[in-house]
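In: Mind looking at a prediction? Sequence and model below.
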Amino acid sequence: MIEWLLLATFATAFFMGWSMGGNDAANSMATSVGAGILPLRRAVILFACFAIAGAVLQGEYVMKTIGKGIVLFENENAVSLENLNLPAGASPTPFTYVPVGALAAILAAALWVASATRLGLPVSTSHSIVGGVLGSGLALVFFSPPALSGPGVQLSYAKLAQIVLSWILTVPSAIFFAFLIYHVSSVFLHRVRDVVELNKLYGILTILTACFVAYSFGANDVGNAVGAVGAANPGFDMGLLKIFGGAAIACGAIMFSHRVIETLGKHITVLAPPTAFAAQAGTAVTVYILTMFGMPVSTSHSAVGGVIGAGLVGGVSTVRGKKIGIISLAWVLTPLVPIAIAFGLTWLLMGA
Amino acid sequence: MERWQMLGVLSVLAGLAVGWCADNPYLGLLVVWILLALLELFSHGESHS
């Protein structure tokens, strides 16, 4: 049982990282590709290099189990694979099922993110995992053996309220910052009279910002993929886990990030180097400021907001409302679908 | 999947394998960077449609 679960956690972690790379590469590289600053191949390879570097060099500071604090357990020390290896006649506790619940949560999130990526829709991987954790948490509440009745597992509504607040704030903030950065940078950079030189300057700034966002993504989000493996195997070398997660992200980006990059970079509005820089910098500033206030901010939501803000520079008619409507629908579905999948998976795995 | 994508994935997996075998993630990262840089240098003209 333990060997099966160990293998399954590694496979699920790689699948999660792969899905994340496929969907989130667009957050840093779509603006460069959309504005014609970089060809797709070069953008994706740059993303892979910086994301894996972020994961290996700084990933350890945020090696985490995403969604921590949403589902509360009485005794977190009980979260280990060894608990599944029960001696004959011993009674399981609600915590017996925690590793299985974590596995179901990550798998559900990865399935949804991969599906959205196939459809070219930028969705939040963090929110997908939050949905997955909620779904498996609810299954643990409902299906824990009756003999173990008691407040073993409960949901933190304060944490959930904070997440919902971040959903409401992120896009307007990114629109505002992208719009502001465009106008502020125009004041300084438009002193350069040569249009070719000006676009080159904006192009360099956009690439630098994109590489910074890719590095930060690798550092901050590798834990979303491999955090559960780390939690389940406390003795495992964290350095090797980090490169495992980083490699999964890089493979996902190289293999199938092009659809989301095209949606974000080309299908919402038409980007040029100055607006691409505003969108990318607006995304980075929004993520930085909201994170400072402790908000569980989504880089995908910020990136879409940044692109909309940059598009609004040319007037409301330059932004394609229909595409934004489809993306918004995917955002509404993002926590809901993983909740349903994780609930079903946890229930199935607990019975296995 | 195009040729550069296949080679890119192989480069990343090679770096991962080196990192795991040598028990040194930094060495693995270095291998990934070198292989991806070589891929970018020698695959001009190829691009995803």
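Out: Here it is on my side, so go on. Residues are numbered from 1 along each chain as shown, chains lettered A, B, ... in the order given.
In: going forward, measure contacts between C-alpha atoms and count neighbours the same way
Out: OK.
In: ok, for A:Ile175, nearest residue in space, not its chain neighbours?
Out: Once flanking residues are discounted, A:Ile175 sits nearest to A:Gly309: 3.9 Å by Cα to Cα, 6 or more residues apart in numbering or on different chains.
In: and the residue in chain B that chain A sits nearest to, how many neighbours?
Out: Scanning chain B for proximity to chain A using Cα to the nearest Cα identifies B:Val9 as nearest, at 5.3 Å. Counted with other Cα atoms under 10 Å in any protein chain shown, the neighbours of B:Val9 add up to 22.
In: before we move on, which element is it in?
Out: Applying DSSP states H and E as the criterion places B:Val9 in helix B:3-21.
In: ditto for A:Arg193
Out: Counting by DSSP H and E, A:Arg193 is held by no secondary-structure element, helix or strand.
In: How confident is the prediction for it, by pLDDT?
Out: The confidence metric pLDDT takes the value 75 at A:Arg193.
In: now it: how far from A:Ala104?
Out: From A:Arg193 across to A:Ala104, the span is 57 Å (Cα to Cα, to the nearest Å).
In: who has more neighbours, the two?
Out: Each of A:Arg193 and A:Ala104 had its neighbours counted (other Cα under 10 Å), and the higher figure belongs to A:Ala104 (28 against 9).
In: before we move on, what SS does the more buried one have?
Out: Applying DSSP: H, G, I helix; E, B strand; the rest coil to A:Ala104 yields a three-state assignment of helix.
In: wait, it sits on A:Gly131?
Out: No: the pair formed by A:Ala104 and A:Gly131 falls short of the contact definition of Cα atoms under 8 Å, at 11.0 Å.
In: Please state the offset of whichever strand or helix holds A:Lys322 from the chain centre?
Out: A:Lys322 is part of helix A:321-351, with elements assigned from DSSP H and E. The chain centroid and the centroid of helix A:321-351 are separated by 14 Å, computed with Cα atoms, centre = their mean, to the nearest Å.
In: where does chain A have low pLDDT?
Out: A:1-3, A:60-99, A:144-156, A:159, A:231-234, A:352 (pLDDT under 70).
In: for chain B, what are the nearby residues on it?
Out: Where chain A comes near chain B, counting by Cα under 8 Å from any Cα of the partner chain, the residues are A:39-42, A:45, A:49, A:52-53, A:56, A:239-240, A:242-244, A:247, A:250-251, A:254-255.
In: Filter the residues you listed down to the buried ones.
Out: With neighbours counted using 16 or more other Cα atoms under 10 Å in any protein chain shown, the residues of chain A next to chain B contain these buried positions: A:40-42, A:45, A:49, A:52-53, A:56, A:239-240, A:242-244, A:247, A:250-251, A:254-255.
In: Mark which of those are part of helices, please.
Out: Helix and strand membership here follows DSSP state H; of those, those in helices are A:40-42, A:45, A:49, A:52-53, A:56, A:239-240, A:242-244, A:247, A:250-251, A:254-255.
In: quick check: angle from the host helix or strand of A:Ile204 to helix A:238-256?
Out: With secondary structure defined by DSSP H and E, A:Ile204 is part of helix A:195-232. Between helix A:195-232 and helix A:238-256, the angle comes out at 130 degrees (axes from the mean of the first three to the mean of the last three Cα atoms, to 10 degrees).
In: Buried residues, helix A:195-232. List them.
Out: By neighbour count on 16+ other Cα under 10 Å, the buried set for helix A:195-232 is A:198-199, A:201-203, A:205-207, A:209-232.
In: Any chance you could list what contacts stretch A:108-125?
Out: Contacts to stretch A:108-125, defined as Cα atoms under 8 Å, 6 or more residues apart in numbering or on different chains, come from residues A:12, A:15-16, A:19-20, A:22-24, A:26, A:128-129, A:131-132, A:256-257, A:259-264, A:298-301, A:327, A:330-331, A:334, A:337-339, A:341-342, A:345.
In: How about stretch B:22-36?
Out: Outside of stretch B:22-36, the residues that reach it under the criterion Cα under 8 Å, 6+ apart are A:45, A:49, A:52-53, A:56, A:239-240, A:242-243, B:8, B:11-12, B:14-20.
In: Now do the contacts for the nearest residue to A:Met295 once chain neighbours are set aside.
Out: Spatially, and ignoring its direct neighbours in sequence, A:Met295 is nearest to A:Ser166 (5.8 Å; Cα to Cα, 6+ apart). Taking Cα under 8 Å, 6+ apart as the criterion, A:Ser166 is in contact with A:Met295, A:Pro296, A:Val297.
In: Counting neighbours, which of those comes out on top?
Out: Neighbour count (other Cα under 10 Å) singles out A:Val297 as the most crowded of the contacts of A:Ser166, with 26 neighbours.
In: so that residue sits in a helix?
Out: No: the assignment for A:Val297 (three-state DSSP) gives coil, which keeps it out of a helix.
In: Tell me how far the helix or strand hosting A:Ile181 lies from the chain's centre.
Out: Of the helices and strands defined by DSSP H and E, A:Ile181 is found in helix A:157-189. Between the mean C-alpha point of helix A:157-189 and the mean C-alpha point of its chain there is a distance of 17 Å (Cα atoms, centre = their mean).
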